Every structure is written in structure tokens, then in C-alpha cells.
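K.L.:
Following is a predicted model, sequence given first.
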Amino acid sequence: MSTRRSQRSRNRSSNAEEPDEQVNPAQAMRDRSRAVAEREASRLARPDQPLASKPLGHASKSKSAVTSTPFGSMFGRNGSPLKRAAASEHEWCGPFSVARQMIAAREEARQLREEAQAEAEGEGKEHHPLDEAMEAVELEKLRKENPSMNWSSSLKRSGDAANYYAKRRKRFHKQKDLMGLGSNYVPSLFQVCVNYLVDNFEHIESLGLVDHSIRRCLCERLVAKGKMNGAAFDVLAEMGVETLELIDCAQVTEDQFCEALEKLVPSGLRAILLKHCGRAFGGQAVKTIREIKKDDIQLFAISLSGAYLLKDEDVSKLIGAVSHTLSSVQLVACPLIGIQFCNALGEHFSSSLDSSVTTGCLLELSLEDIPLKKEAILSLGAASDCLRNLKNLQLKSIDGLDDEAVSIILGSITNGSLEGVDLSNNPDLTDDILSSIRKCNITGNLRSLQLSGLKTLSAIGLEAFFTDIPDLPSPPMLRKLDLSHCSFDEINDAVVVLAIKASSFKRSLKDFTGGDIDISANPEQLDANVIHSMGLVHVNIAGSSVTNKSMEMLAVCCKSSLEELDVSFCTSISDKGLGYLVSKLGDQFSRIHVWGMAQLSEEFLDGHDRIEQGGLEICGIWMKKIGRGSVR
């Protein structure tokens, strides 16, 4: 007890000796609140947040007590931070207020930095009295060569000064209305009926004589609502259907699927199109089909995706059982497929078979994400002529595919009937495949070329592919072109312009048969040389170095044909290039992908010529205010 008293007495004596400098509780509370506010403000003050043209009154730097932030110092030119802190000692220090102060400071620092940089660049240049006149002449020359520079946004012409966020909200609602998700959207009678059937599907015993397209829509809605089960499968796969197409077979057992095949195949089933069918389609399903009489089998198309239980020997037996009517084969992500499948195609579709044996005609072959070795691929083209009548060839993400294998396979297509080639995502392919494709196109029927993800393709090789060369077939007149995600520098304006000209120009023109292309020429002068009934329909050049010049060529040469364009991550295309393109194309142009194009602003997004008319879906909008930071 005595020890505690002595301690308290010593404390009182020490406090008496110290000067009277007690901390004001209100000031301490304000300091703590300001520290919390500054910490929260650093999170709220996004670096890419746009700022108004003039700082807010309550966010002025002169009223801020913050000395420094993670985004820059609050020091100004009109006073020290201590004076400003004293002036704003009693100001509200909430996190949003301090965040606005940080934004104002950052914007002012950016303006000062840009001014200093402009002054530094101007000091080292020599000025001449005629510089302005020469610049005006050069600008006029560029405008004549590049008509997109003359395009003017309807947003500027109307002088609309509406709030930016209100315009962004309006754009968002328009996009939702276009996709059928808006608040004022009225569904069609067909959609109302489909939704009603799906909501009450457990009470349906039979769909009757319903078209395949309607059954597909019902299946999609059932999968979306999680109601695609065994009972729903029994209703969709009822007796009499000619096409069995299921979006997701994960809830269908193999025994149930085999029971359906026993009924459907003899009754006239012609196509089996299954996705996620690993559980449903395996060796037992193949055995069920083989046990059916050959004369009762009318299957002409088989498409299996994700059949991880389907073995190589089983699929070869399946090909043998249905080869007399089969014309289309598609396998996606089937990891057990190998050389036996390739040998089965060569054995049952070869023209060297006995004339008394009825053989099918293979027209479509699509393989994706299949672990085939090179020897298995070579057997398709070298061992027989099973691919002689092929119209569409798709070999995507195939392990053993290289230039030699592609050359042999395309060389075996002797009838010149090839219409579509898709060799995407095969990293070992080079420019050598371009000459093989060109030589295979002897009748000029090639309409679709997809070479996405081939990083080794060069601009020189592609330019030669789309240029008329003696002793080679003419360049293909494509309708679908996919050169996305190839090398950024190799897919340039010269390549795209040549592809556009090859698809739409008259073959007798000297400008087409000539080797050199003048990229700087005004595309509008070539309008008389274009066959407007032809031209590209689907173009994907995402991740390339193309500029507004390619957009100008598309606008002139494909104005009545282009329906969909993907220019995602094309950083050299501006608002004027896309605005000019949209202003020249017809109403058939319905979709454009602009993912990753942060350089676009509301000058195009809110000012293109279809903004009021509608019908144009812009996918991947990156919202950005003119002259300010971008926001998503």
C-alpha cells in the first residue's frame, strides 16, 4: 500500500514540474481521423479516375492538409503545406474528400509535367516563318490520302454536353437492349414459349413433330437453368428425331444413351452431335451401333466433344460400321484417339476398295486437341486417297502437325473442292503451309482461312500468298479470314490490304495482278474496281499492328459484305478509323469486337453513325473520356 502511494506522489510531483502542455483531445481526435481518412483515400483515389475540367471547390489543393500521398506530393506553387494545413485545420477530413484532393494534386502535377515536356521539346527546334504553311500543306495531303481523317463524330456535331456518366449509362442500357437483356425489352413469342416449356419441362411427355432448331433451343435453356437431366434427355431423344444434338451430356448415363440409340438409329437418326459426352459415349455406345443392321444405319455426321472414355480401337470400329453413309467427322478433346482412327479412315473411305462395296464420301474432317503423332497424320494423306473429296479441313492444336504433314494432307485433296482450312494453334507451322494451301486451291473454291495463333508466319509469306504469281493458282477470294494472335508486327496493313483486294477485286485488273501495293493511296479511288457482291464477311485480325488504312480499305471494298470484325488489342486504330468504317458499311454490319482498345473514347463509342439507328453490337467497350484517364 505504501509503495502505491509513493508512486502516485512521485507522479504528481513530476507532473507539477513539467510545463502545462497538455494535448487537446479534440485536436488529437482530428489528427487520428485525418490519418484514417488519408489511408482510405489512397484506396479510393484511383489513378485512372477521370477528373473534371476544373477542380471541385471542396477538393482544392489550397484547402488540403495532406502533405504527401502515394500518388505524388501535395506541394503547390502558392504556399507551403503547413500554411494550407493551418487554413484547413477544421475542414471535414472524410476519405472521399481527401481522395478528391489527391486526384486534384495528381492532375495538376500531370499538367505541369506535360507543359515542361512541351517547353523542353520546343527549345531545341529551329523555327521558320513558313513552318505553319508547310504543316498545313502536309496535313491537307494526309487528309486526301486518308479519308478517315475527315470523319467527324456526331457527338461533336450535336454539341451534346450531357453528363459523361449519364452517357455511359445510356450506352450500357442500349447495349443491354440490343442483347435482349434490357428492362424494356419485350421477348418474342418464340422466346416466351421456350421459357414456358422449360419451366414446366418435368410435365412434358413428348414434343411431337418439333424441328431440330427448336429442340436445340430447349436444350440450351435446360442446361442454362440446370434442368438437363435424364428425364429431360428422354423427352428430347424421342422416337422419330433425325438429329440428336445435346449441349451437355454430363447428366446422361451410358446405359440410358445406349437405350436411346437402339430406338433412334433404326428409325432414321442421321446426325449425332454431342458435347461433354465423356460419360455418355464410350465403348458400349459403339457396340450398340455396331449391333444394328447396316442397312438400317443412315448416320452422315458424328461430332463428339470431350469423349474421354472413347478408345482408339472403339472409334475405328465406329468408322467401319457407319462408313457407307458417313460424310462428316468431328472429334474434340478425345485424349485416347490415335493411329487406329487414322487407319480406319484410310481403309473405309479409299477409292481403291472393291466396286461392289458401298463406300462413303468424306467431306468434312475436324480434329481439335487430339494427341496424334506425326506418323498417324501422315497416314491420312500418304496411305490412301480418303481425303480426295474433302471440302472442310480443321486441324487445331494437334501435337504432331508440322509443315510436311500439312503438305501431304493438302496434296491428297485432288478434286480441288476444298472450301475451308483451319490450322489454328499449331506452333510448329511456318510460311511453308501457305504455298501448300495456294497449290491446293486449283479451282478457286477456298472461302475460309483460319490461321490464328501461328506466331511464325511472316509478312513476306502472307503478302506472297495474296499476290498473283505466275504458275500458281490465283489468290483465294475469301469470305472468312482469321489472322488473330499471330506475330504483332507481321500482320500489318500491307497483308490485310492484299487480302481485301484478293477477295473483292476483279481478276482482270492490272492493279490486282501487279506485285506492288501502294498503301498510301486513297482507297476511295478504287471503288470502281470492286465487285460489291463479293468481299470479306468475317474478319478477325486481333492483336495485330494494322492501322486506320486497313479500316479504310474494308469500308470501300467490303461495304456490302462485312458482317463481323474483330480488332481487339489493335493499338494503332483510332476513333476516326472505326468511325469512318461504320459510316460506310451497310446495315448488314452487326458486330465489332474492341477488347483491349483503351485508345477509343466516346468520340466513336457515342458518336458513330449507327448510335441512334441501332443494330450494331460493340463488344468489349473500354469507356474513356476524351483527354482524360480511362475507366472501365
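P.N.:
Received the coordinates, thanks.

K.L.:
Could the C-alpha coordinates of the one helix or strand residue 27 maps to be exported in PDB?
P.N.:
For residue 27, the element it lies in under DSSP states H and E is helix 25-44. Output of helix 25-44 as PDB, limited to C-alpha atoms (Å, rounded to 0.1, in the frame of the first residue of the first chain):
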ATOM      1  CA  PRO A  25      -8.400  15.900 -27.000                       C
ATOM      2  CA  ALA A  26     -10.400  17.400 -30.000                       C
ATOM      3  CA  GLN A  27      -7.200  18.100 -31.900                       C
ATOM      4  CA  ALA A  28      -6.000  14.500 -31.200                       C
ATOM      5  CA  MET A  29      -9.300  13.100 -32.500                       C
ATOM      6  CA  ARG A  30      -9.000  15.200 -35.700                       C
ATOM      7  CA  ASP A  31      -5.400  14.000 -36.300                       C
ATOM      8  CA  ARG A  32      -6.400  10.400 -35.900                       C
ATOM      9  CA  SER A  33      -9.500  10.900 -38.100                       C
ATOM     10  CA  ARG A  34      -7.300  12.600 -40.800                       C
ATOM     11  CA  ALA A  35      -4.800   9.700 -40.700                       C
ATOM     12  CA  VAL A  36      -7.600   7.200 -41.200                       C
ATOM     13  CA  ALA A  37      -9.100   9.300 -44.000                       C
ATOM     14  CA  GLU A  38      -5.800   9.600 -45.800                       C
ATOM     15  CA  ARG A  39      -5.300   5.800 -45.600                       C
ATOM     16  CA  GLU A  40      -8.700   5.200 -47.000                       C
ATOM     17  CA  ALA A  41      -8.400   7.900 -49.600                       C
ATOM     18  CA  SER A  42      -5.300   6.200 -51.100                       C
ATOM     19  CA  ARG A  43      -7.600   3.300 -51.900                       C
ATOM     20  CA  LEU A  44     -10.400   5.400 -53.300                       C
END
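
K.L.:
For residue 393, list the residues it contacts.
P.N.:
365-366, 387, 409-410, 413, 418, 420-422 (CB atoms under 8 Å, 6 or more residues apart in numbering). Just so you know, the C-beta spots here come from the backbone N, C-alpha and C atoms, and that holds for glycine as well.

K.L.:
Where is the longest helix in the chain?
P.N.:
Secondary structure of the chain read by DSSP state H shows that its longest helix is helix 95-123.

K.L.:
Distance from the chain centre to the helix or strand just after that helix, please.
P.N.:
Under the assignment DSSP H and E, the closest C-terminal helix or strand after helix 95-123 is helix 131-145. Centroid separation for helix 131-145 versus its chain: 37 Å, with CA atoms, centre = their mean, to the nearest Å.

K.L.:
Okay, buried residues for helix 131-145 please.
P.N.:
residue 145 (16 or more other CB atoms under 10 Å).

K.L.:
Stretch 112-125 too?
P.N.:
Under 16+ other CB under 10 Å, stretch 112-125 has no buried positions.

K.L.:
thinking again about what came up before, helices and strands around the longest helix of the chain, which ones?
P.N.:
Counting contacts by 3 or more CB pairs under 8 Å, 6 or more residues apart in numbering; DSSP states H and E, helix 95-123 is packed against helix 25-44, strand 72-73.

K.L.:
Quick one: distance of it to the chain centre.
P.N.:
36 Å.

K.L.:
Likewise for stretch 566-585?
P.N.:
15 Å.

K.L.:
again, but for stretch 384-399
P.N.:
Centroid displacement of stretch 384-399 relative to its chain, using CA atoms, centre = their mean, is 26 Å.

K.L.:
do the same with stretch 549-558
P.N.:
Distance, stretch centre to chain centre, for stretch 549-558: 20 Å (CA atoms, centre = their mean).

K.L.:
Need the CA coordinates for it. PDB is fine.
P.N.:
Taking C-alpha atoms only, stretch 549-558 is exported to PDB below (Å, rounded to 0.1, in the frame of the first residue of the first chain):
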ATOM      1  CA  LYS A 549      -5.600   2.400 -93.500                       C
ATOM      2  CA  SER A 550      -7.000  -1.200 -93.200                       C
ATOM      3  CA  MET A 551     -10.300   0.200 -91.900                       C
ATOM      4  CA  GLU A 552     -10.500   2.500 -95.000                       C
ATOM      5  CA  MET A 553      -9.900  -0.500 -97.300                       C
ATOM      6  CA  LEU A 554     -12.600  -2.500 -95.600                       C
ATOM      7  CA  ALA A 555     -15.000   0.400 -95.800                       C
ATOM      8  CA  VAL A 556     -14.500   0.700 -99.600                       C
ATOM      9  CA  CYS A 557     -14.100  -2.900-100.700                       C
ATOM     10  CA  CYS A 558     -16.400  -4.800 -98.200                       C
END
